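Visitor: sequence below, structure please.
(chains A and B)
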Amino acid sequence: MRNPQLNSRGELQHLLTTEGLPRATLMAILDAAAPFTEVAEREVKKLPLLRGKSVFNLFFENSTRTRTTFEIAAKRLSADVINLNINTSSAAKGESLLDTVDNLAAMQADMFVVRHASSGAAHLIAEHLANTGKDHIRVINAGDGRHAHPTQGLLDMYTIRHYKRDFTGLTVAIVGDVLHSRVARSQIHALTTLGVPEVRVVAPKTLLPSCVERLGVRVCHDIREGLRGADVVMMLRLQNERMQGALLPSTQEYFKSYGLTPERLALAKPDAIVMHPGPMNRGVEIDSAVADGPHAVILPQVTFGIAVRMAVMSMLGGA
Amino acid sequence: MKIQIRNGRVIDPANGIDRIADLFIARGVIAGIDRAPQGFETSGTLDASGCIVCPGLVDLSARLREPGYEYRATLESEMAAAVAGGITSLACPPDTDPPLDEPGLVEMLRHRARLPAFGHVYPIGALTLKLAGERLTEMAELAEAGCVAFGQANTAIIDTQVLQRAMQYASTFGFPVWLQAQDPFLARAGVAHDGEVAARLGLAGIPVAAETIALATILQLARETGCQVHLTRISSAAGLEMIAAARRSGINATCDVAIHHLHLCDHDIAYFNPHARLDPPLRGAADRDALRRGLADGTINAVCSDHTPVDDDAKQVPFDQAEPGATGLELLLPLTLKWAAEMELPLIQALARITSDPARILGIEAGSLSVGAAADVCILDPEASFRVSRETLKSQGKNTPFLGMELPGRVRSTLIDGHLAYDGSWN
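Guide: Numbers count the residues shown, from 1 in each chain, chains lettered A, B, ... in the order given. Coordinates of the predicted model:
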């Protein structure tokens, strides 16, 4: 079975997940992003690469931050951007997901940026477009359920490469709610493909999927063990819902066991970087002293994120 | 009508027959094998050269979607699919809308199904009212209306005391109880086997423990109540081992497996294929292999189609929202033959699992070619194959993970009570 995001020539058709993408493709995206970081420094922050193209931001799940970064990226490439926030509850009552897609496809969309609460939603849309002869429309997954958030994974790779240059000697610790995290999955696949020799996931058993080790990671339940000697610490957001469903007793206890404090960070390499996909819960997964400290590269991540999204969009949508 | 089926390879597992022979049918029953009974004057002949002549198949689980879900399938569409698949007797689970919890509903279903071109329908009555797991149904009345066993379809009884009493009550009258072993709490929100694939795809998992924990409860209660239990759609190696152990210790329990679980595992979900969304979920490859062996050695008593037609709208949604289930009536025979070929099993042993063995579980006179038995017969060409496609499937449900696959075994004719109910010889 062919990876549905590659065409028969192995070229990127959609960006649905970092899983299964060849190393060369990942590197090509990172390389393509580099010049776009400079665009932001210019007085006129625009390139004509997507002029005349219509990018639909199709958000079935609320997200201001991700939607905004995609919007900025598309606008800097001169695309026309249409934002649609489709409340999932009203979608449940009325139009089906694929009916919505058909309607927007009929409006001559060139690209869909999709966020959806169900794993696989972006795959479903890409497959449907292929089945209905609309596969000129490109799909970028902006987060599907717990499955994938590939542009986040890629911007994280860009950030790591920016600070560490080479992937092949690194120890990377991913700390937090891996079970529910599409970000973690996209990071893990990208890191292992790019040749990072040690990827650790650090969490209590309730926040790890079973068989997570088969994704090529080392499982640590003790945060000290997880952080020791790490070059990169990637924090994950802990959502408040996790107190329901008996996954965790309290945010306080979580912070006590897994929160990233300066003392714990001292176990990592002296030049370790600390990343977070945002939005942060200070005092829950990360101490403010770390979030605002010298190791944090959380704001550069956001800046790089726009460049990486511009790179992906121009690669998929550029004529 | 007196029919002679000539020159076929007659395989009748119930009687240990496997040889080239002629089969004679008169007045709706099997009148003789090899030699015509005295005074037999053929009014019709079916040439079965190169074909297998076996008892009509008995399917332990086929959802006909009536009453309540006629937009998904109707009795007409699904009974046509059944005979096209060589199935002449089938049990239907009680999860209709409303559920089969009243004698009137069961009588109506039986009445609707009473057509010569249709197979025999054996309803499984609801064990509790509305399948809600709170109050018992009128089992004696339902049995009189035609229910052969009582069950909950895929709904669990959460209250263990209700389950115990339901089993006590059913066993008082000697009614078998059919249960799916799945702990509803461990299965809550889960859509796939809790393993590597679910971890990779970000799908909520259903652990094997959901099956084994429910099994432990059911088997213990079976021991205490003496209730005859049939465990439907076993999915895991661990679950199978528990059943085997329970049986060795004298517990009266049988079990079945669905055709999908014999051939597929969680890797077949691939990129969120909604046709692989099944209940119970497809488990790991090692589980599948254990189920294949278990069916061969008889630990699993029968294989069923677990036929569940689902309309396209309910499948063309993200995987976690897709309705579970797959169409199966027309695939029971080919997938059983495929399993047998891959396991290098004698056909007589494989065909037992879809004829005499499920008939025994249902407690019905079917699944054999004994002289005097109803002439429910399937004539199939084991060498012919076909491609599963939306066009070839007669069922209204086109939802199957086997779409596009080439499968062995084509049904040439199906006879029900001596009537030619399906003639596919020219297709």
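Visitor: from the contact counts, what lies against the longest helix seen in chain A?
Guide: Longest helix of chain A, by residue count under DSSP state H: helix A:298-317. If you count contacts as 3 or more CB pairs under 8 Å, 6 or more residues apart in numbering or on different chains; DSSP states H and E, helix A:298-317 packs onto helix A:23-39, helix A:64-76, strand A:111-116, strand A:138-144, helix A:150-164, strand A:273-275. For the C-beta atoms, the positions are set from N, CA and C on the backbone; glycine is no exception.
Visitor: pull out the buried positions in it.
Guide: Under the neighbour-count criterion of 16 or more other CB atoms under 10 Å in any protein chain shown, helix A:298-317 has A:298, A:300-301, A:304-317 buried.
Visitor: picking that back up, what's the closest of the helices and strands packed on helix A:298-317 to A:Gly94?
Guide: With CB to CB as the measure, strand A:111-116 is the member of the helices and strands packed on helix A:298-317 nearest A:Gly94 (16.0 Å).
Visitor: parallel or antiparallel, which strands does the closest one pair with?
Guide: strand A:54-59 (parallel), strand A:138-144 (parallel) (DSSP bridges).
Visitor: count of residues packed around B:Pro67?
Guide: By the measure other CB atoms under 10 Å in any protein chain shown, the count of residues near B:Pro67 is 16.
Visitor: where does chain A dip in pLDDT?
Guide: Chain A contains residues with pLDDT under 70 at A:1, A:88-93, A:318-319.
Visitor: so which bits of it are right by chain B?
Guide: With CB under 8 Å from any CB of the partner chain as the criterion, chain A comes near chain B at residues A:1, A:4, A:19, A:96-98, A:116, A:118-121, A:123-124, A:127-128, A:144-148, A:182, A:185, A:209-212, A:214-215.
Visitor: now with 6 Å?
Guide: Selection of chain A residues close to chain B by CB under 6 Å from any CB of the partner chain yields A:1, A:4, A:98, A:118-121, A:123-124, A:145-147, A:185, A:209-212, A:214.
Visitor: narrow those to those that are buried.
Guide: A:4, A:98, A:118-121, A:123-124, A:145-147, A:185, A:209-212.
Visitor: can you pull the contacts of the most centrally placed residue in chain B?
Guide: The centre of chain B sits closest to B:Cys304, judged by CA atoms, centre = their mean, with a distance of 2.7 Å. Contacts for B:Cys304 were tallied using CB atoms under 6 Å, 6 or more residues apart in numbering or on different chains; they are B:59-61, B:256, B:258.
Visitor: kindly reformat these as a markdown table containing secondary structure and pLDDT.
Guide: Output for the contacts of B:Cys304, formatted as a markdown table (DSSP: H, G, I helix; E, B strand; the rest coil; pLDDT from 0 to 100):
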| residue | secondary structure | pLDDT |
| --- | --- | --- |
| B:Asp59 | strand | 98 |
| B:Leu60 | coil | 98 |
| B:Ser61 | coil | 98 |
| B:Asp256 | strand | 98 |
| B:Ala258 | strand | 98 |
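Visitor: helices of the stretch 201-319 of chain A, residue ranges please.
Guide: Taking DSSP state H, counting those that start in this stretch, the helices of the stretch 201-319 of chain A run over residues A:223-227, A:251-258, A:262-265, A:288-291, A:298-317.
Visitor: for B:Ala26, which non-adjacent residue is spatially closest?
Guide: Spatial nearest neighbour of B:Ala26, excluding adjacent residues (CB to CB, 6 or more residues apart in numbering or on different chains): B:Lys2 at 4.7 Å.
Visitor: ok, now B:Arg72?
Guide: Leaving aside its sequence neighbours, B:Arg72 sits nearest to B:Arg65 (CB to CB, 6+ apart; 4.7 Å).
Visitor: please apply the same query to A:Asp102.
Guide: A:Thr132 (7.1 Å).
Visitor: what of B:Leu186?
Guide: Per CB to CB, 6+ apart, closest to B:Leu186 is B:Ala210, 3.7 Å.
Visitor: what does A:Gln187 give?
Guide: Nearest to A:Gln187 is A:Gly153, by CB to CB, 6+ apart, at 4.9 Å.
Visitor: contacting residues around the one you found?
Guide: Applying CB under 6 Å, 6+ apart to A:Gly153 gives the contacts A:18, A:186-187, A:190.
Visitor: how about the helices and strands packed on helix A:298-317 in CSV, adding distance to B:Gly28?
Guide: Listed next are the helices and strands packed on helix A:298-317 as CSV, based on distance: least, CB to CB, whole Å:
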stretch, distance to B:Gly28
helix A:23-39, 67
helix A:64-76, 69
strand A:111-116, 57
strand A:138-144, 57
helix A:150-164, 64
strand A:273-275, 76
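Visitor: the ones you listed: which one's closest to B:Glu406?
Guide: When the helices and strands packed on helix A:298-317 are compared by CB to CB, strand A:138-144 sits nearest B:Glu406, at 31.8 Å.
Visitor: residues of that closest one that come out buried?
Guide: Buried residues in strand A:138-144 (16+ other CB under 10 Å): A:138-144.
Visitor: what's the offset of stretch A:101-110 from the middle of its chain?
Guide: How far stretch A:101-110 lies from its chain's middle: 25 Å, per CA atoms, centre = their mean, to the nearest Å.
Visitor: and what of stretch A:151-168?
Guide: Taking CA atoms, centre = their mean, one finds the center of stretch A:151-168 at 12 Å from the center of the full chain.
Visitor: same question for that stretch: list its buried residues.
Guide: Buried residues in stretch A:151-168, counted by 16+ other CB under 10 Å: A:151-162, A:164, A:167.
Visitor: same check, this time on stretch B:294-313
Guide: For stretch B:294-313, by 16+ other CB under 10 Å, it's B:294-296, B:299-311.
Visitor: show me the residues you listed that map onto helices.
Guide: Using DSSP H, B:294-296 are the members of the buried residues of stretch B:294-313 that sit in helices.
Visitor: pick the one among the buried residues of stretch B:294-313 closest to B:Tyr271.
Guide: B:Val310 (19.3 Å).
Visitor: do you know how far that closest one is from B:Pro176?
Guide: Distance of B:Val310 to B:Pro176, given as CB to CB, to the nearest Å: 28 Å.
Visitor: likewise for B:Gln168?
Guide: Going from B:Gln168 to B:Pro176 by CB to CB gives 14 Å.
Visitor: more neighbours, those two?
Guide: The neighbour comparison of B:Gln168 against B:Pro176 (other CB under 10 Å) goes to B:Pro176, with 20 against 15.
Visitor: and that one, backbone torsions?
Guide: phi -70, psi 150 (degrees, to the nearest 10).
Visitor: got it, and B:Glu342?
Guide: According to degrees, to the nearest 10, B:Glu342 has phi -70, psi -30.
Visitor: now swap in B:Gly44 and tell me
Guide: Dihedral angles for B:Gly44 - degrees, to the nearest 10 - are phi -160, psi 150.
Visitor: wait, isn't it in contact with B:Lys2?
Guide: No. B:Gly44 is not in contact with B:Lys2 according to CB atoms under 6 Å; the separation is 7.4 Å.
Visitor: between these two, who's got more neighbours?
Guide: Per other CB under 10 Å, whichever of B:Gly44 and B:Lys2 has more neighbours is B:Lys2, with 18 against 11.
Visitor: so how far is chain A from that one?
Guide: 52 Å (CB to the nearest CB, to the nearest Å).
Visitor: so who does that residue touch?
Guide: Applying CB under 6 Å, 6+ apart, the residues contacting B:Lys2 are B:26, B:42-43.
Visitor: who wins on neighbours among these?
Guide: B:Ala26 (21 neighbours).
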